[in-house]
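Peer 1: just coords:
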């Protein structure tokens with residue numbers, strides 16, 4: 001017999017039969033493993049590397065949940081004939097079992113959910129009759145009305161806290177009275193703030209072992225306002241500390257140094273491994289002042305900021321600038337007409353040309369890359385009868401686009417631009433988010449340069465201008481002893497025979513260890529332990545340790561196999577546990593901080609606003625952490641796919657602060673500022 005087509009195929013498409021890779025029709029995420037794993041994605045069941053779909057319609061989610069919670073039909077052994085009464089009772093038992101609750105010791109009637117995934121509870125199952133369905137529809141409508149009446153963004157429904165709230169209300173049962181306006185802005189705000197501070201204390205324990213990084217995100221309106229948002233991150237997550245109005249002081253290195261010093265003292269000098277800022281002159285000098293005062297501290301520029309500047313410099317090369325502008329002409333034309341856009345999506349299988357939620361220069365190059373990949377699809381679209389019969393096909397602007405798509409020079413330059421920029425975009429893809437990627441930056445830059453040289457077949461006149469562009473930013477801004485020491489301590493880099501451990505890396509390691517070893521005893525221990533790592537001796541040279549060099553994250557490898565050289569182990573774990581970019585938590589809505597730091601508020605209002613921003617920002621950061629894979633994996637550069645969704649694309653930015661409730665503060669709280 002022919003096996004029936006799985007109902008889930010209505011909601012996904014097969015993109016690679018060999019690897020059993022399927023793509024979700026709603027969020028466009030791709031999974032290997034066939035339609036079976038896609039079901040858990042659509043049912044919004046989070047486990048391991050399956051990320052719940054944030055775009056799936058509710059009715060589809062409920063339907064797939066029903067499929068997962070319904071047991072597979074099993075072939076029943078032949079039974080002896082029974083009388084009519086026994087048969088009737090059997091049907092009743094069968095009917096009750098179909099509801100999803102199964103009893104019995106044989107285990108044959110249990111749900112077909114694998115043991116690694118949580119099985120759905122009866123309350124999560126779809127409605128079983130019209131009355132229940134009507135009741136659910138009415139409930140959904142009441143929730144929707146609350147959203148509509150209060151202008152709540154629909155993206156709020158993607159929040160993990162949304163379903164948690166609904167589950168808690170359902171668990172409480174009938175008669176639940178929602179908290180009042182007064183309770184929300186007073187005792188409940190204080191309680192949630194207290195919970196976050198408790199979490200803050202737990203993070204402090206982690207800082208003692210792995211160290212932490214202070215992240216500084218700066219923003220300016222280009223006129224009079226400038227803010228600095230300060231967070232602290234470790235391998236367990238990121239905490240928002242505060243925002244500071246630095247208007248008028250953004251170029252004052254001494255002021256910035258003093259400000260950051262207060263944060264260092266608050267977090268604990270012994271806990272801070274590095275501070276990450278952008279690479280403007282004032283922050284560079286402020287970082288030097290801090291490292292002079294606190295000799296164990298590292299200042300590092302944001303890798304994302306510097307690599308984006310490399311891409312910006314490359315985009316200014318005349319021929320690169322021209323082909324990027326031509327790509328913009330194509331995308332602007334297609335995306336400015338809804339019907340043309342829909343036609344394009346039809347011919348490209350739903351693939352997009354633009355990625356608007358990534359940084360500007362990455363977006364430009366990824367758009368060009370998408371055009372190159374979809375070259376045949378675009379040409380086929382503009383030659384198809386559906387296009388030729390449309391009202392747009394005879395217009396001059398359409399003819400200009402078609403001429404561009406058949407211009408050999410455009411495709412030649414487009415391929416070249418992609419090949420020289422993709423290695424850099426791959427680095428950004430690695431550091432996007434809060435991943436502890438410190439051990440991979442040095443190798444990433446070196447590999448990028450080798451790839452570019454190889455693309456040009458070693459022709460120096462071609463690759464040297466690109467190398468010079470990269471080196472200008474790398475040597476003057478990005479390259480630090482922390483990056484080189486991290487490369488030295490990364491086992492997948494150090495033990496790789498194809499990677500050259502030159503004097504820069506060795507000297508960088510020595511300098512970093514002098515800063516990390518704060519006592520003479522530590523210096524003696526690291527000196528004694530160093531040869532064991534270099535030669536792969538003892539536990540570091542076992543079969544498991546050798547295998548783990550490439551399949552374990554660097555920090556995890558040191559935690560697991562470095563126990564015989566504990567002083568060097570501690571230094572390695574602290575270095576390799578750090579991120580190298582502040583972009584992992586830069587999805588702030590800056591209007592929130594404009595509201596917070598305006599001069600209109602009284603002292604009582606300011607205190608309430610400060611608490612609300614603290615809670616809001618930290619809940620957003622917790623949401624970011626919970627929706628990501630908590631297990632960091634080693635980086636394999638050849639496997640990095642820049643076309644996949646980036647962490648910064650997967651999460652909504654922090655919501656805009658609504659301070660209208662301040663208008664109703666008690667009169668005694670509304671004194672003059």
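Peer 2: Perfect, I can see it now. Computed from a prediction, not measured in an experiment: that's the story for all the values here.
Peer 1: Now do the host helix or strand of residue 550: distance to the chain's middle.
Peer 2: Using DSSP states H and E, residue 550 sits in helix 543-551. When distances are taken as CA atoms, centre = their mean, to the nearest Å, helix 543-551 is centred 27 Å away from the chain's centroid.
Peer 1: so who does residue 571 touch?
Peer 2: Counting by CB atoms under 8 Å, 6 or more residues apart in numbering, residue 571 touches 489, 512, 513, 516, 517, 526. C-beta here means a position set from N, CA and C on the backbone, and glycine is covered the same way.
Peer 1: my read: residue 287 touches residue 277, true?
Peer 2: Yes. Residue 287 lies in contact with residue 277 (CB atoms under 8 Å); the separation is 6.6 Å.
Peer 1: overlap in contacts of those two?
Peer 2: With CB under 8 Å, 6+ apart, residue 287 and residue 277 have common neighbours residue 299.
Peer 1: Let me see the confidence value for residue 41.
Peer 2: pLDDT for residue 41: 85.
Peer 1: these two touch, right, it and residue 50?
Peer 2: Yes. Contact criterion CB under 8 Å: residue 41 and residue 50 qualify, at 5.6 Å.
Peer 1: out of the two, which sits in the busier spot?
Peer 2: residue 41 (24 against 21; other CB atoms under 10 Å).
Peer 1: Which helix or strand contains that one?
Peer 2: helix 34-42.
Peer 1: ok and the helix or strand just after that helix relative to helix 34-42, angle-wise?
Peer 2: Following helix 34-42 in sequence order, the next helix or strand is helix 58-69 (DSSP H and E). Orientation check (axes from the mean of the first three to the mean of the last three CA atoms, to 10 degrees): helix 58-69 against helix 34-42 gives 120 degrees.
Peer 1: Against which helices or strands is helix 58-69 packed?
Peer 2: helix 34-42 (3 or more CB pairs under 8 Å, 6 or more residues apart in numbering; DSSP states H and E).
Peer 1: Helices along the stretch 551-673 of the chain, start to end?
Peer 2: Secondary structure of the stretch 551-673 of the chain (DSSP state H, counting those that start in this stretch): helices at 554-561, 566-576, 590-596, 603-626, 647-650.
Peer 1: Likewise for the stretch 301-450 of the chain?
Peer 2: Under DSSP H, counting those that start in this stretch, the stretch 301-450 of the chain gives helices at 303-315, 318-335, 338-347, 360-373, 375-383, 385-388, 396-405, 408-431, 441-455.
Peer 1: by contact count, what packs against the longest one?
Peer 2: Right, the one you point to is helix 408-431. helix 303-315, helix 318-335, helix 360-373, helix 441-455.
Peer 1: Against residue 169, how distant is residue 190?
Peer 2: Per CB to CB, to the nearest Å, residue 190 is found 22 Å from residue 169.
Peer 1: again but with residue 248, I slipped
Peer 2: Distance, residue 248 to residue 169, using CB to CB: 48 Å.
Peer 1: Listing request: residues of this structure with sub-threshold pLDDT.
Peer 2: Across the chain, the ranges flagged by pLDDT under 70 are 1-5, 17-19, 46-49, 70-128, 357, 433-434, 583-587, 599, 628-632, 647-673.
Peer 1: so residue 506 sits in a helix?
Peer 2: Yes. Counting by DSSP: H, G, I helix; E, B strand; the rest coil, residue 506 falls inside a helix.
Peer 1: List the contacts of the nearest residue to it once chain neighbours are set aside.
Peer 2: Distances taken as CB to CB, 6 or more residues apart in numbering place residue 488 nearest to residue 506, at 7.0 Å, with adjacent residues excluded. Residues in contact with residue 488 (CB under 8 Å, 6+ apart) are 494, 501, 505, 506, 508, 509.
Peer 1: If we use 6 Å, what do you get?
Peer 2: Residues in contact with residue 488 (CB atoms under 6 Å, 6 or more residues apart in numbering) are 494, 505, 509.
Peer 1: moving C-terminal of the helix or strand hosting it, what's the next helix or strand?
Peer 2: Taking DSSP H and E as the definition, one finds residue 488 inside helix 481-489. Note on helix 481-489: by DSSP H and E, the next helix or strand toward the C-terminus is helix 491-494.
Peer 1: name the helices or strands packed onto that following helix?
Peer 2: On a contact count with 3 or more CB pairs under 6 Å, 6 or more residues apart in numbering; DSSP states H and E, helix 491-494 meets helix 543-551.
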